[in-house]
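Asker: sharing a model that was predicted from the sequence below.
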Amino acid sequence: MSFCSRADLASGAPAAGTGVRAQAYVFLPVAKKLWRAQEMNTGWASTEELAAVAAARRGGVVTRLYNPPKARAPHDHTILVHAAPGPVAPGLAPLLDAFRGRWRVEAEPRPRLAICTHGTRDRCCAKWGFAAYSAALKLFQAGRSPFEPLECSHLGGDRFAATGIFFPSGSMYAHLDSLDLASLTEREAAGRIDPAHYRGRVFESPLAQVVRAGLARDGLLDAATAPLRLHRDPPDASQVAVTTPEGRRFEVALRQMELSFFASCEKLEGHKPAAGRRLVYAGARALDTAG
């Protein structure tokens, strides 16, 4: 049996810039047996609730499902919200209002690691996602990680399984099962990223994700959430000027890479690769902050 995520891992294709961007992520407590191939379905939600989910996406909110603890009664299940700093996404309040009759909203978000284990969508998520979730759960239960793991529905990109997002940073990673998860959680807990298989911070633009990953790879900046000010003139220029909160300035070179990949195990079995282009980091040089 072949797996699209193993093909992607073997290709060495860069993942930076593929973090699924949103102003907020909302996780609804829906039992995994109800997810099906497409998690937003009438097996668990009304047409009005599904319409609210679709409207929230247009308002900057990504909605996913998580498998709630079986030991808790349904009325004890909570909606989990992880949002970007700054203004509240316009789609957030209407979405929460649509589900308040079912579940309460968690009062304060806690550190979490959401891992896609959506096996009815792609077998990579079942095999590699669940393996990463199990490893993360052992670390959490042993007190070696502050991030409570969640089994969640499709996060985007079957070929990146095991895919996960650390909150509150919003750092998204590909192939979590191939990383030293204990070391990675230590870095994330310290507010740093690991450039290996880093897809990007989901609260930032793809360009910022590429730049942050590249600077971390070169040992210039590995902060997970430090705001980066980017200036690219004209928009399609092959360079971008970057300023960090500490006033450090870099000139980052960029280039376009042609890619061929299998978007899912089904595409891999059918020998139907997809083609695309991705902006990638090509190096950086420090600029004189005084001049």
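Answerer: That came in fine, so what should we check first?
Asker: please count neighbours and contacts with C-alpha atoms only from this point.
Answerer: Noted.
Asker: where do the helices sit along this structure?
Answerer: Assigned by DSSP state H, the chain shows helices spanning 4-11, 47-58, 92-99, 123-124, 130-141, 181-189, 206-217, 265-269.
Asker: in the last one, what counts as buried?
Answerer: Think helix 265-269. Buried residues in helix 265-269, counted by 16 or more other CA atoms under 10 Å: C265, L268.
Asker: ditto for the first one
Answerer: Buried residues in helix 4-11, defined by neighbour count with 16+ other CA under 10 Å: C4, S5, R6, A7, D8, L9.
Asker: measure how far stretch 76-95 is from the centre of its chain, please.
Answerer: In terms of CA atoms, centre = their mean, to the nearest Å, the centre of stretch 76-95 is found 16 Å from the chain centre.
Asker: end-to-end on that stretch?
Answerer: Using CA to CA, to the nearest Å, the span of stretch 76-95 from its first residue to its last is 19 Å.
Asker: list the buried residues for it?
Answerer: Buried, per 16+ other CA under 10 Å, within stretch 76-95: 77-84, 89-92, 95.
Asker: out of the residues you listed, flag the one nearest to A182.
Answerer: Distance to A182, by CA to CA, is smallest for H82 among those, at 22.5 Å.
Asker: distance of that closest one from Q239?
Answerer: Counting by CA to CA, the gap from H82 to Q239 is 32 Å.
Asker: equivalent analysis for R57, please.
Answerer: 31 Å.
Asker: same check on Q209?
Answerer: From Q209 over to Q239 the distance is 15 Å, taken as CA to CA.
Asker: give me the more crowded residue out of these two.
Answerer: With neighbours defined as other CA atoms under 10 Å, Q209 and Q239 compare such that Q209 has more, 27 against 20.
Asker: the residue lying closest to the more buried one once chain neighbours are set aside: neighbouring residues, count only.
Answerer: Leaving aside its sequence neighbours, Q209 sits nearest to G200 (CA to CA, 6 or more residues apart in numbering; 4.5 Å). G200: 32 surrounding residues under other CA under 10 Å.
Asker: low-confidence ranges in the stretch 101-250 of the chain?
Answerer: Residues of the stretch 101-250 of the chain meeting the criterion pLDDT under 70: none.
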